[in-house]
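In: Return atomic coordinates for the entry below.
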Amino acid sequence: MTQWILGVRTDYDGLLIDPCIPATWKGFKVTRIFRGEKFEIEVRNPKGVMKGVRRIVMDGVELADRLLRPRDGGREHTVTVEMG
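Out: This next block holds a predicted model:
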């Protein structure tokens, strides 16, 4: 469920974010541990879409792609995903 519906899948270089949720869901939160780092992920769905990521912000910095890359072993990250 976390990999294909919530769309938080492991990739060689990090966590790939690609949610596919019911349009009625306004969002969700999930915590993932990957390579010793904790990712607190909040997905927001203000437009009520089923698929598609508009932007991802990790630790206050907008990412260029949908991959959350570990940076410093043991660190905690705050991630906001906006669908649309």
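In: Give me the phi and psi for the spatially most central residue of the chain.
Out: Closest residue to the average C-alpha location of the chain: Ile17 at 4.5 Å, with C-alpha atoms, centre = their mean. Reported as degrees, to the nearest 10, the phi and psi values for Ile17 are phi -100, psi 120.
In: Give the closest residue to it in space, chain neighbours not counted.
Out: Arg66 (4.7 Å; C-beta to C-beta, 6 or more residues apart in numbering). Yep, even glycine has a C-beta here, placed from its N, CA and C like the rest.
In: And Leu63, by the same measure?
Out: Nearest residue to Leu63, sequence neighbours excluded (C-beta to C-beta, 6+ apart): Ile56, at 4.6 Å.
In: Report the buried residues of the helix or strand Thr80 falls within.
Out: Under the criterion of DSSP states H and E, Thr80 resides in strand 76-83. Within strand 76-83, the residues that count as buried by 16 or more other C-beta atoms under 10 Å are His77, Val79, Thr80, Val81, Glu82, Met83.
In: Look up how far Gln3 lies from the third one.
Out: Here the criterion is C-beta to C-beta, to the nearest Å. By it, Thr80 lies 20 Å from Gln3.
In: can you check the fourth one too?
Out: The spacing between Val81 and Gln3, counted by C-beta to C-beta, is 15 Å.
In: The fifth one too?
Out: Here the criterion is C-beta to C-beta. By it, Glu82 lies 20 Å from Gln3.
In: so where does the nearest residue to Val81 once chain neighbours are set aside fall, helix or strand?
Out: Among residues not flanking Val81 along the chain, Val43 sits closest, at 4.4 Å (C-beta to C-beta, 6+ apart). Assigned by DSSP H and E, Val43 belongs to strand 37-44.
In: What is that strand packed up against?
Out: strand 14-17, strand 27-34, strand 76-83 (3 or more C-beta pairs under 8 Å, 6 or more residues apart in numbering; DSSP states H and E).
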